[in-house]
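In: I'd like to go over a predicted model; first the sequence, then the structure.
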Amino acid sequence: MSDRFIVLSGCSGGGKSTLLEELSRRGHATVEEPGRRIVQEELAKDGTALPWLDLAAFVRRAIAMALADREAMRDQPGLIFFDRGWVDAAAALEAHTGEPVLATLAAQHRYNTKVFLTPPWPEIYAGDAERRHGLEAALAEYARLETGYPALGYETIILPKVPVAERADFVLARL
């Protein structure tokens, strides 16, 4: 099952969601980023599990949502592309609280061993109502993921800074 689960991770604002849309357009199953969905839900109900209000609650919820996404896609045929995975949220939780969750989850909830990372791309980075952190925070996040995934036995593949169709071709050629 996990070989079909492909993670697109990396720097915030690096083009993951755009790439996910292109892969969906090409007929692949996709799963949107847990963090964005959580922020949208919390803002709609005036909640507090937001990264700028309660980061620990936010990332715990993102871990749970990412694990539920994996389970929900278990019977979906073919490759499934995830805009981030539980590793992203667990790395943030460990950095924020020191809680050792990565190793605990790593053995049971694997993705394909190839993880595609969007590198920092300041020229396209943009904040919005759901992404309120700046590029500096995005760079720190990227550094955690760049070391976190390999520490769990994943091969990270840095995506080139090219138009989205070429990025999709790049991903599919490496799978």
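Out: Received, thanks.
In: all contacts plus neighbour counts: C-alpha atoms, from now on.
Out: Noted.
In: return the set of buried residues in stretch 140-159.
Out: Neighbour-count burial for stretch 140-159 flags 141, 142, 144, 145, 146, 148, 149, 154, 156, 157, 159 (criterion: 16 or more other CA atoms under 10 Å).
In: wait, what's in contact with the last one?
Out: If I follow you right, that is residue 159. Applying CA atoms under 8 Å, 6 or more residues apart in numbering to residue 159 gives the contacts 116, 117, 118, 119, 167, 170, 171.
In: hmm, 6 Å instead?
Out: Residues near residue 159 by CA atoms under 6 Å, 6 or more residues apart in numbering: 117, 118.
In: measure it to residue 39 for me?
Out: According to CA to CA, to the nearest Å, residue 159 and residue 39 sit 26 Å apart.
In: repeat that for the second one.
Out: As defined by CA to CA, residue 142 lies at a distance of 20 Å from residue 39.
In: chain center to the helix-or-strand element of the chain with minimal mean pLDDT, what's the gap?
Out: Within the chain, no helix or strand scores below helix 135-151, which has a mean of 85 by mean pLDDT, DSSP states H and E. In terms of CA atoms, centre = their mean, to the nearest Å, the centre of helix 135-151 is found 11 Å from the chain centre.
In: could you do stretch 9-16 as well?
Out: 8 Å.
In: quick check: end-to-end length of it?
Out: End-to-end distance for stretch 9-16: 7 Å, by CA to CA.
In: now swap in stretch 87-106 and tell me
Out: Its start and end residues considered, stretch 87-106 measures 8 Å (CA to CA).
In: just stretch 14-34 next, same as before
Out: Criterion CA to CA; first-to-last residue distance in stretch 14-34 is 16 Å.
In: pull out the buried residues from it.
Out: So stretch 14-34, judged by 16+ other CA under 10 Å, has buried residues 14-23, 29-34.
In: which residue is nearest the middle of this structure?
Out: Taking CA atoms, centre = their mean, the centroid of the chain lies closest to residue 84, which sits 1.3 Å from it.
In: name the nearest of the buried residues of stretch 14-34 relative to residue 102.
Out: Lowest distance from residue 102 to these (CA to CA) belongs to residue 34, with 17.1 Å.
In: tell me the strands in this protein, going along the chain?
Out: Ranges of strands in the chain, per DSSP state E, are 5-10, 29-31, 80-83, 114-118, 155-158.
In: closest one to residue 97 among these?
Out: Set against residue 97 and scored by CA to CA, those come closest in strand 5-10, at 20.8 Å.
In: partner strands of the closest one and their direction?
Out: strand 80-83 (parallel), strand 114-118 (parallel) (DSSP bridges).
In: if anything else comes up later, I'll come back, but that's it for now.
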